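Asker: coords please:
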Amino acid sequence: MKPFNRTPPEIRIPSGRGSPGDMAAEWLALRECGFSAEEQAEFSRWLLADPRHAAAVRELESAWRLMRKPFLTGQAASVEEAIAQQVRRKSRQHRHAVIGVSLAGLAAVLLLAVIPRWTPVAESAPAAAGSARTRPQREILADGSVVDLNAGAKIAVNFSTQQRVVRLLRGEAHFSVAQTPDRPF
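Answerer: The predicted structure is shown next:
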């Protein structure tokens, strides 16, 4: 008894295009519905046309037998349950892995956000920039701010985690301050 009802307009001889495996699958699906005499003759011609065709058919027939074996031996219910258990187990493992990775990521983000506020960074000792120069000079400070020192100007720089302090010790200077709202300049 064939598992499919055959309606002639729906079943046609395969197009002949595609890999031997694809063509073998089309021919076997057609054969499962029942060959007409014309289809059987065309299938035989196709098989003889290339040794790869027969090899592809044998491979698919072997796979088909393996898939049907549980149904033929009455073990379908146990196989179905085993597959369902495997799917549930994999799903549970996947869910636990996703939760674990998500929690690790959250912990990393929290640490990056909180640790800078917990860890006191040693405040930098005041640094003097710009010795007695005879011509103007541009300097870039550690925070990215830019200072243009006029001839003979000198500044003292003291940056901490809370603030940025720059004192003009002598002369004239113009600043382009890097914007850092949580550390005033």
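Asker: what are the ranges of the helices in the chain?
Answerer: For the chain, the helices defined by DSSP state H occupy 20-33, 37-49, 51-73, 76-118.
Asker: which helices and strands sit right next to the second one?
Answerer: Same thing as helix 37-49. Applying 3 or more C-beta pairs under 8 Å, 6 or more residues apart in numbering; DSSP states H and E, one finds that helix 37-49 makes contact with helix 20-33, helix 51-73. (Glycine included, C-beta is placed from N, CA and C.)
Asker: Return the angle between stretch directions for that helix and helix 20-33.
Answerer: Counting by axes from the mean of the first three to the mean of the last three C-alpha atoms, to 10 degrees, helix 37-49 lies at 150 degrees to helix 20-33.
Asker: Can you point out the buried residues in helix 37-49?
Answerer: Residues E39, E42, F43, W46 are the ones in helix 37-49 that count as buried (16 or more other C-beta atoms under 10 Å).
Asker: Could you pull up the contacting residues of the residue lying closest to D50 once chain neighbours are set aside?
Answerer: Ranked by C-beta to C-beta, 6 or more residues apart in numbering and with sequence neighbours excluded, the top spatial neighbour of D50 is P20, at 6.8 Å. By C-beta atoms under 8 Å, 6 or more residues apart in numbering, the contact set of P20 is D50, R52, H53, A55, A56.
Asker: Now the buried members of those.
Answerer: Among the contacts of P20, those buried by neighbour count (16+ other C-beta under 10 Å) are H53, A56.
Asker: With distance to H96 and pLDDT as added columns, please give the contacts of P20 in a markdown table.
Answerer: Shown next, in a markdown table, are the contacts of P20 (distance: C-beta to C-beta, whole Å; pLDDT from 0 to 100):
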| residue | distance to H96 | pLDDT |
| --- | --- | --- |
| D50 | 50 | 91 |
| R52 | 45 | 93 |
| H53 | 47 | 93 |
| A55 | 43 | 94 |
| A56 | 41 | 93 |
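Asker: got the contacts of P20 as a markdown table, with distance to A142 columns?
Answerer: Shown next, in a markdown table, are those (distance: C-beta to C-beta, whole Å):
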| residue | distance to A142 |
| --- | --- |
| D50 | 74 |
| R52 | 70 |
| H53 | 74 |
| A55 | 71 |
| A56 | 70 |
